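>>> take this sequence and fold it.
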Amino acid sequence: MKTVLHTSDSRGNANHGWLQSHHTFSFAGYQHPERHHFGVLRVLNDDTVAGGMGFGTHPHRDMEIVSIPLEGDLKHLDNTGTEALIKNGDVQVMSTGSGIEHSEYNANKDKTVKFLQIWIIPKVKGVTPRYQQITLDPTQSANKLQQILSPNPNDQGVWIHQDAWFHLGSLEKGTELKYRLKDPKNNGVYAFVIQGSLEVAGTLLSHRDGLGITEANEFDIKAFEDSEILLMEVPLGLPRL
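A predicted model of the protein is given here:
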């Protein structure tokens, strides 16, 4: 097993006034020579948007974009006619494919919205753009790992055009779990601590720390306090698009 640790305070930070964004991987003005991606995991942004503010209409293509709200309400609009409100407990995915334009705004003027924005490089290009949103059952992540994303439209959670699986866990202090990779031959796992303090694959992690895990079939997780963790199992090899 190999691991790479990205502590919270080592991330890139962009302060735009209305937007505070922490970048785990190189993004926009933050460029780190050793942090361009973890396999097909290209972007992991931890965003806080001020009340009433947001991202104006802008284009994307050939990327799987996953949004996980942590606090507040995020308003989504796109040129496929989709208009939606996503909030804590929801998961949203856009397969941008051949091209999509969208905007995201804080739906409230009196409080911030916080969310994770995650980009996954797809295994195919030029797909028809699509939007999907689900509301999670919180009981399914209580002291266990709840699957929230997969490559299979008929499986649990949202689906994307990539052989990736995401799991969320809300773990009470003292909870111990084991994660077994779906595809240990081709995949690695990037663990991101949303809150709390845990030991993951033998490494102590705390609030907003990240850990890349490779060359492993499985690894252990132990919560030292009430914690929330996101596991992103993704292919390590980049597709030849």
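>>> quick one: residues contacting the residue most central in space within the chain.
When Cα atoms, centre = their mean is applied to the chain, the residue found nearest the centroid is residue 118 (4.2 Å). Neighbour list for residue 118: 41, 43-45, 65-68, 232 [criterion: Cβ atoms under 8 Å, 6 or more residues apart in numbering]. (C-beta placed from N, C-alpha, C; glycine too.)
>>> so what pLDDT did it get?
Model confidence at residue 118, given as pLDDT, is 98.
>>> what about the closest residue to residue 37 other than its chain neighbours, which SS state?
Nearest residue to residue 37, sequence neighbours excluded (Cβ to Cβ, 6 or more residues apart in numbering): residue 25, at 5.8 Å. When classified by DSSP: H, G, I helix; E, B strand; the rest coil, residue 25 comes out as coil.
>>> isn't residue 25 right next to residue 39, touching?
No - between residue 25 and residue 39 there is no contact under Cβ atoms under 8 Å: 11.1 Å.
>>> could you give the bridge partners of the residue nearest to the centre of the chain?
residue 44, residue 66 (DSSP bridges).
>>> and the gap between it and residue 143?
Residue 118 sits 24 Å away from residue 143, going by Cβ to Cβ, to the nearest Å.
>>> counting by contacts, list what whatever helix or strand residue 230 lives in packs against.
Using DSSP states H and E, residue 230 sits within strand 227-235. For strand 227-235, the packing partners by 3 or more Cβ pairs under 8 Å, 6 or more residues apart in numbering; DSSP states H and E come out as strand 113-120, strand 165-171, strand 187-195, strand 197-200.
>>> distance to residue 147 added to the ones you listed, as TSV?
Converted to TSV, these look like this (distance: least, Cβ to Cβ, whole Å):
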stretch	distance to residue 147
strand 113-120	15
strand 165-171	5
strand 187-195	13
strand 197-200	18
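>>> nearest to residue 158, out of those strands?
Residue 158 lies closest, by Cβ to Cβ, to one member of these: strand 165-171, at 8.6 Å.
>>> elements contacting the closest one?
For strand 165-171, the packing partners by 3+ Cβ pairs under 8 Å, 6+ apart come out as strand 145-150, strand 176-180, strand 218-223, strand 227-235.
>>> rewinding a little: and the contacts of residue 118, which two are the farthest apart?
Longest span within those, Cβ to Cβ: 41 and 67, 14.7 Å.
>>> neighbour count winner among those two?
residue 41 (26 against 20; other Cβ atoms under 10 Å).
>>> if I look at the more buried one, how far off is residue 103?
From residue 41 to residue 103 the distance is 24 Å (Cβ to Cβ).
>>> in the chain, where is pLDDT below threshold?
Within the chain, the ranges that satisfy pLDDT under 70 run 241.
>>> next, the contact list for residue 73, please.
Taking Cβ under 8 Å, 6+ apart, we find residue 73 in contact with 85-87, 106-108, 113.
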